[in-house]
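Undergrad: Pasting the sequence and the predicted model now:
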Amino acid sequence: MRRRAALRTAALAAGLSTALTVSVTSGLSAAQAQDTTVSVRLLAFNDLHGSLEPPPGVRSQVKHADGSLAPAGGAAYLAAYVDQLRGQATHSLLYSVGDNWGSSALESAMFHDEPTVQLLNRMGVDASAIGNHELDEGYAEFRRMQTGGCHPVDGCRFGDTFEGARFPLLAANMEFENGAPATLPFTVDYVEGIPVGVIATMPADTARMVTSEGVGGLRFTDELAAVDRTADLLDFFGVRAIALLMHRGAEPVADNGPNSCEVTSGPARDLALRASPKVDVIFTADSHQQYNCSFPDPMGNPRVMMQGASHGRIISVVDVTIDRTTRDILRDRASSFNQVVTHDIPPDPGIQALADDAARRASEVGGARVASLVGDLTRDANGSGESTLGNVVADAQLAAGSGHGAQVALTNPGGLRDDLLPGPDGAVTYGQAYAAQPFGNTLEVLTVTGATLKSALEQQFQPRGDGTISERILAPSSSLTYTMNRSAIVGERISDLRVNGAAVTPENIYRVAVNKFLADGGDGFDAFRSRTEAVHAGCDLDAFTAYLGARSPVAPPTTDRITVIG
């Protein structure tokens, strides 16, 4: 049995507040005292997004190395596998790598994600990174999730009280605008008297990924500098075994199963190669992908970097051996694997009851039929970057904004979180519509010049620090057409821009409907900040469901609004 206590200390030399969370066994046996090493199992999952039930659609399965697909996920199975994996080891620590909530499934979101925090508490999470989505509702709501208390407007919707997280939420590079830490940078657990530290970081560009209200008063510093600084601080305190929870993920060039390692170069891999050699294990998140890699640290020593599939479908496992004398991890004895959360073991009955209760209560709203479809609306992009779901959402936002003079609409692909697939009779429910567009963004109709509109479209191509180009194609409404040339230089890739068939001129004024995330410059589209007027036009989800209902049965639109050359 483990007992837990919390200690707080001030690391004045680094200007940081930190907490040491102590997990200690009840005593050492004679055999343990003579053993020169201690073994610890580190487990991590990532990007749960409030998925209490097995996730639907494309996220419902995991691809194995032989190409077969296995149904996976669901809180009850996740908890059961955590128990099984922890039961196989004398000592274990369980981490989440962030995005526990936000863009959540309806059964969690309807209750302000309080059921998800209950799940994490019951599973015995030892520490969690903060993902960008934990800030979707702003810092004050993040703090409520951390410390407890009822929602200031809706009260406690899932129970009479809400205790908050029993585990620390970490980010070494999140601070207030005055430079003071906005949360804990690390925590330390003790196993048989040996400290095991864990650091966490958020994306340095979190402010571009979350609404301005969500990150108001906060700033996010360089990830590498934060990792190195915090690793040095832990080393100063005598902590030699260190794991990193990095809420930034790599993109595989091929999916050859949960334990393959065919990832592209990019920020996550670059950080893994450059982060302080004092860090022994790196768990990543955010890209929702699966991989199990080993990359050399700056000293040339091998170091695990791994990630599991999102929405509770995989638990990443690293078994490490710690030298009792040096208190450091013996890297050459580390082994790692990604455990798929399949449905072939009994689910945890207590967690199943929690998930069933949340799903039952949410179904009263989520089960309502909103429209019929005559075909799938998916996020699958064609060669131009368009998708049937994206184009329908853009058309819905144009319809909602037309009463405020909107002539075109654009929406970001990151705001589309699930495909919209009709049931046997063609029906789609409110719950499905919510899953497809869960953020509840307000719509804004902006007054912009033609030059600003073109600049925004040029920002679909953004240079990265490593010389590559990040591409985010905005879904256009049917009233907007243009030509895209990917071989042209960045800033000159958009031509023949037309609104309702008429050529866009730089000096003319246009009314553009976008969600508030884009209106505030999210995803790097800061051209929209050059608007001269912004008028609210309701909620994006309301616009979507109203549009589907008014045009039911809805057929998938064509995806020919963008012409690609070069």
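TA: That came in fine, so what should we check first?
Undergrad: Report the rounded mean pLDDT for stretch 220-228.
TA: Stretch 220-228 carries an average pLDDT of 98.
Undergrad: which helices and strands does the longest helix belonging to the chain pack with?
TA: Ranked by residue count and defined by DSSP state H, the top helix of the chain is helix 349-366. Identification of packing neighbours for helix 349-366 by 3 or more CB pairs under 8 Å, 6 or more residues apart in numbering; DSSP states H and E yields helix 75-87, helix 106-109, helix 114-123, helix 430-436. For glycine as for every other residue, the C-beta is placed from the backbone atoms N, C-alpha and C.
Undergrad: Those: which one's closest to V374?
TA: Comparing these against V374 with CB to CB, the closest turns out to be helix 430-436 (15.3 Å).
Undergrad: Tell me which other helices or strands that closest one touches.
TA: Going by 3+ CB pairs under 8 Å, 6+ apart, helix 430-436 lies up against helix 106-109, helix 349-366, strand 369-372, helix 540-550.
Undergrad: With distance to F461, mean neighbour count and mean pLDDT added, can I get these in TSV?
TA: Formatted as TSV, those follow (distance: least, CB to CB, whole Å; neighbours: other CB atoms under 10 Å; pLDDT from 0 to 100):
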stretch	distance to F461	mean neighbour count	mean pLDDT
helix 106-109	33	26	90
helix 349-366	37	17	93
strand 369-372	34	19	94
helix 540-550	25	20	95
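Undergrad: Dump those to TSV, plus distance to P424.
TA: Shown next, in TSV, are the helices and strands packed on helix 430-436 (distance: least, CB to CB, whole Å):
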stretch	distance to P424
helix 106-109	21
helix 349-366	18
strand 369-372	11
helix 540-550	18
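Undergrad: Relative to G67, which of the ones you listed is closest?
TA: It is, among the helices and strands packed on helix 430-436 and with distance given as CB to CB, helix 349-366, at 30.0 Å.
Undergrad: could you dump that closest one to CSV, C-alpha only?
TA: What follows is helix 349-366, C-alpha atoms only, in CSV (Å, rounded to 0.1, in the frame of the first residue of the first chain):
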residue,chain,number,x,y,z
PRO,A,349,-17.1,-1.9,-13.1
GLY,A,350,-16.9,1.3,-11.0
ILE,A,351,-15.6,3.4,-13.9
GLN,A,352,-18.2,1.7,-16.2
ALA,A,353,-20.9,2.9,-13.9
LEU,A,354,-19.5,6.4,-13.9
ALA,A,355,-19.3,6.5,-17.7
ASP,A,356,-22.8,5.0,-18.1
ASP,A,357,-24.3,7.5,-15.7
ALA,A,358,-22.7,10.4,-17.6
ALA,A,359,-23.8,9.0,-21.0
ARG,A,360,-27.3,8.4,-19.8
ARG,A,361,-27.7,11.9,-18.5
ALA,A,362,-26.2,13.4,-21.6
SER,A,363,-28.3,11.3,-24.0
GLU,A,364,-31.4,13.2,-23.0
VAL,A,365,-30.0,16.1,-25.0
GLY,A,366,-27.5,14.4,-27.3
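Undergrad: how about F439, what does it touch?
TA: 103, 136, 415, 515, 517, 540 (CB atoms under 8 Å, 6 or more residues apart in numbering).
Undergrad: Now do the last one against D255, distance only.
TA: Taking CB to CB, to the nearest Å as the measure, D540 and D255 are separated by 31 Å.
Undergrad: so P506 touches G450, yeah?
TA: Yes: using CB atoms under 8 Å, P506 is in contact with G450, at 4.8 Å.
Undergrad: List the ones among the contacts of F439 that fall in strands.
TA: N515 (DSSP state E).
Undergrad: From the contacts of F439, pick the one nearest A226.
TA: Nearest member of the contacts of F439 to A226, counting by CB to CB, is D136, at 21.9 Å.
Undergrad: Quick check: phi and psi on that closest one?
TA: Reported as degrees, to the nearest 10, the phi and psi values for D136 are phi -60, psi -40.
Undergrad: which residues sit in contact with it?
TA: 102-103, 210-211, 214, 439.
Undergrad: Show me the shaky parts of this structure.
TA: 1-34 (pLDDT under 70).
Undergrad: What segments of it are helices?
TA: Using DSSP H, helices in the chain cover 30-34, 75-87, 106-109, 114-123, 139-147, 223-236, 267-274, 349-366, 388-401, 430-436, 450-458, 516-519, 540-550.
Undergrad: Ok, which of the ones you listed comes nearest E192?
TA: Across the helices of the chain, closest to E192 is helix 30-34 (CB to CB), at 6.4 Å.
Undergrad: ok, the nearest residue to D228 once chain neighbours are set aside - contacts?
TA: Closest residue in space to D228, ignoring its immediate chain neighbours: S276 at 4.5 Å, by CB to CB, 6 or more residues apart in numbering. Going by CB under 8 Å, 6+ apart, S276 touches 227-228, 231-232, 297-298.
Undergrad: how about 10 Å then?
TA: S276 makes contact with 199, 224, 227-232, 234-235, 242, 244, 297-299 under the criterion CB atoms under 10 Å, 6 or more residues apart in numbering.
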